[in-house]
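# Sequence plus the predicted model coming up.
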Amino acid sequence: MADYRLSVSAEMVFLDLPFIERVKRIHQLGFGVEIWHWNNKDIDALAATGATFTSMTGYLTGNLTDDDEIAQLLSSAAESLAVAARLNCPSLNLHGTGLDNQGLPVKPVTVVTGEMWVKAVRTLEKLAALGEKAGRVFTLENLNLAVDHPGTPFARAADTLALVEAVNSPYLKMNLDLYHAQIGEGNLIELVQRSGSAIGEIQVADVPGRCEPGTGEINYRAVAKALRAMNYRGVIALEGWASGDSEAALASFKAHFD
């Protein structure tokens, strides 16, 4: 029996329902719930659903490398921690840079310099310190450059792993998104094994299409077997669209990981 917890992004399934009803439905089906930005949501209504929130976006604006943007990032991360406390949400998600509503970087980057790497590590150290003070964990998500997020710095799983290992804090971990990793890097089982204790969460969806497991090329049952062999005990979250009926998509997700 697996010891990890299955969760579902309410942003991408049951799209015919109001957001609060999506959260309630996911909770009723026995999954944890994940949300993106909190500033467009009724936090009191979310808390009243009784759902277990496993992750939320941990910033509103800013990036890891520009001084003015770093200040915005740290300020909005502090605000996000206060919201996470209201939702009893243990993990707050970050990206290599600020993203717009289309998932594209607000400030696209062509070349990531050594100075940017140093700035990113120092910024993430400050975020980890905020997380430690609040008793919550920031997770740094890898993205793909080829399909969804061109121009994003520190996008590959290899990049997020390097940054997390450089900071070396239990309050900064990887959000290892296997959909993005399959597009950008592949070799997923070795990737999860290499990442090991740096992983704070795993997100999944199939390739191509970003729908539930079983709709594409990734052998998620083999990935699940590898995670059980590693004794992985964290969250595995479906961050993907339903290819058809949302409840059937969640059942397929559960079947691949149970």
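Happy to help now that I have it.
# Please make it C-alpha for all contacts and neighbour counts, starting now.
Will do.
# and Arg5, how many neighbours?
Close neighbours of Arg5, defined as other C-alpha atoms under 10 Å, add up to 16.
# Apart from its chain neighbours, what residue comes closest to it?
Of all residues not flanking Arg5 in the chain, Val235 sits nearest, at 4.7 Å (C-alpha to C-alpha, 6 or more residues apart in numbering).
# Ramachandran angles for the one you found?
phi -90, psi 140 (degrees, to the nearest 10).
# what's around it, how many residues?
For Val235, using other C-alpha under 10 Å, the count is 21.
# pretty sure Leu104 is in contact with Asp148, am I right?
Yes: Leu104 lies in contact with Asp148 (C-alpha atoms under 8 Å); the separation is 7.4 Å.
# okay, these two: which has more neighbours?
Comparing Leu104 with Asp148 by other C-alpha under 10 Å, the one with more neighbours is Leu104, at 17 against 14.
# what's the nearest residue to the more buried one if we skip its chain neighbours?
The nearest residue in space to Leu104 (C-alpha to C-alpha, 6+ apart) is His149, at 5.2 Å.
# Thr54 is in what secondary structure piece?
Per DSSP states H and E, Thr54 falls inside strand 53-57.
# try Leu92
strand 91-94.
# any idea of the mean pLDDT for the helix or strand following that strand?
Going down the chain from strand 91-94, the next helix or strand is helix 114-134, by DSSP H and E. Across helix 114-134, pLDDT averages out at 98.
# So which bits of helix 114-134 are buried?
116-117, 119-125, 127-132, 134 (16 or more other C-alpha atoms under 10 Å).
# where are the low-confidence patches of the stretch 1-150 of the chain?
Scanning the stretch 1-150 of the chain for pLDDT under 70 picks out the ranges 1.
# Output the contacting helices and strands for the helix or strand just after the strand holding Thr54.
Note on strand 53-57: by DSSP H and E, the next helix or strand toward the C-terminus is helix 67-87. Here helix 67-87 touches helix 43-48, strand 53-57, strand 91-94, helix 114-134, going by 3 or more C-alpha pairs under 8 Å, 6 or more residues apart in numbering; DSSP states H and E.
# The residue nearest to Leu104 touches Gly103, doesn't it?
Yes: contact status for His149 versus Gly103: in contact at 6.1 Å, counting by C-alpha under 8 Å.
# Name the strands paired with the strand holding Leu92 and say parallel or antiparallel.
Here strand 91-94 is paired, per DSSP bridges, with strand 53-57 (parallel), strand 137-141 (parallel).
# Show me the contact partners of that strand.
54-59, 80-81, 84, 136-141, 175 (C-alpha atoms under 8 Å, 6 or more residues apart in numbering).
# Which members of these are classed as buried?
Applying 16+ other C-alpha under 10 Å to the contacts of strand 91-94 flags 54-59, 80-81, 84, 136-141, 175 as buried.
# beta partners of the residue nearest to Arg5?
Counting by DSSP bridges, Val235 is bridged to Arg5, Glu201.
# Run through the residues that contact Gly30.
Applying C-alpha under 8 Å, 6+ apart, no residues contact Gly30.
# now it: how far from Thr52?
10 Å (C-alpha to C-alpha, to the nearest Å).
# just how off-centre is stretch 214-230 within its chain?
18 Å (C-alpha atoms, centre = their mean, to the nearest Å).
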